[in-house]
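In: sequence and predicted structure are below.
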Amino acid sequence: MTDMRPLGERLGQYINYVVSKYQIAISNPKNMTLPRVKNQALYIATPPSNMIKLQPMINKVVDLGVKVVTGRDLGEWVQQKYGGVCDENMMADEVHDFTSQVEMEICSISGLFLSSDGSSWSENIKMERQAKRMHWWDRSNTQFMARDSDGGYV
């Protein structure tokens with residue numbers, strides 16, 4: 001299995017870098033290409049089956065001061081919020097559609113989106129963010145898997 005810690009370190013560093021530009025961005029509202037990322041938080045929209053593989057990456061991102069929220073957290077929130085309110089059969093039947101839509105909205109309006117190459121889900125989010133002109137600092141997750149010769153992001 002691939003060591004995911006270096007990926008987590010590069011993700012965490014990039015998030016911290018973009019957050020460090022927040023004050024400059026809000027003091028210059030006419031420059032929409034500056035990042036509007038206020039919080040050091042990362043939402044990971046991935047199937048639950050990937051979480052074990054991603055845990056070393058998540059641990060590294062957390063070590064760098066970035067809060068990580070996952071689909072599991074969203075699922076727990078949905079159960080707390082709607083578990084006793086919605087019909088159990090309807091909830092069981094619709095919960096995956098609901099959480100997917102919520103994940104898409106989180107990613108669509110976030111200050112920064114890190115897409116997954118080859119994912120139609122990610123492509124839809126990227127198009128929405130481009131239409132809203134909030135995509136300037138977005139990156140593909142593959143860009144954090146390698147570094148150029150100067151140590152910068154490829």
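Out: Sure thing, it's come through.
In: what's the residue closest to the geometric middle of the chain?
Out: What sits nearest the mean C-alpha location of the chain, by Cα atoms, centre = their mean, is Tyr43, with 4.0 Å.
In: so it, which of the three states?
Out: Classification of Tyr43 using DSSP: H, G, I helix; E, B strand; the rest coil returns strand.
In: I figured it hits Ile106, correct?
Out: Yes - with contact defined as Cβ atoms under 8 Å, Tyr43 and Ile106 form a contacting pair (5.3 Å). All C-beta spots, glycine's among them, are computed from the backbone N, C-alpha and C.
In: measure stretch 41-54 end to end?
Out: In stretch 41-54, first residue to last residue: 16 Å (Cα to Cα, to the nearest Å).
In: so which residues make contact with it?
Out: The contact list for stretch 41-54, computed with Cβ atoms under 8 Å, 6 or more residues apart in numbering, reads 1, 4, 11, 15, 58, 61, 66-72, 103-104, 106-107, 110, 121.
In: do the same with stretch 85-96
Out: Where contact means Cβ under 8 Å, 6+ apart, the residues beyond stretch 85-96 that reach it are 75, 78, 82-83.
In: list the buried residues for the host helix or strand of Val18?
Out: Element membership for Val18, per DSSP states H and E: helix 5-20. Residues 6-15, 18-19 are the ones in helix 5-20 that count as buried (16 or more other Cβ atoms under 10 Å).
In: then stretch 44-55?
Out: Counting neighbours by 16+ other Cβ under 10 Å, stretch 44-55 gives 44-45, 54 as buried.
In: wait, which of those residues is closest to Ile24?
Out: Ile44 (27.2 Å; Cβ to Cβ).
In: look up how far Asp93 lies from that closest one.
Out: 25 Å (Cβ to Cβ, to the nearest Å).
In: isn't Asn31 right up against Arg133?
Out: No - taking contacts as Cβ under 8 Å, Asn31 lies outside contact range of Arg133: 11.8 Å.
In: got a markdown table for the contacts of stretch 85-96, with secondary structure, distance to Asn39 and neighbour count too?
Out: Formatted as a markdown table, those follow (DSSP: H, G, I helix; E, B strand; the rest coil; distance: Cβ to Cβ, whole Å; neighbours: other Cβ atoms under 10 Å):
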| residue | secondary structure | distance to Asn39 | neighbour count |
| --- | --- | --- | --- |
| Gly75 | helix | 21 | 15 |
| Val78 | helix | 22 | 16 |
| Tyr82 | helix | 25 | 14 |
| Gly83 | coil | 27 | 12 |
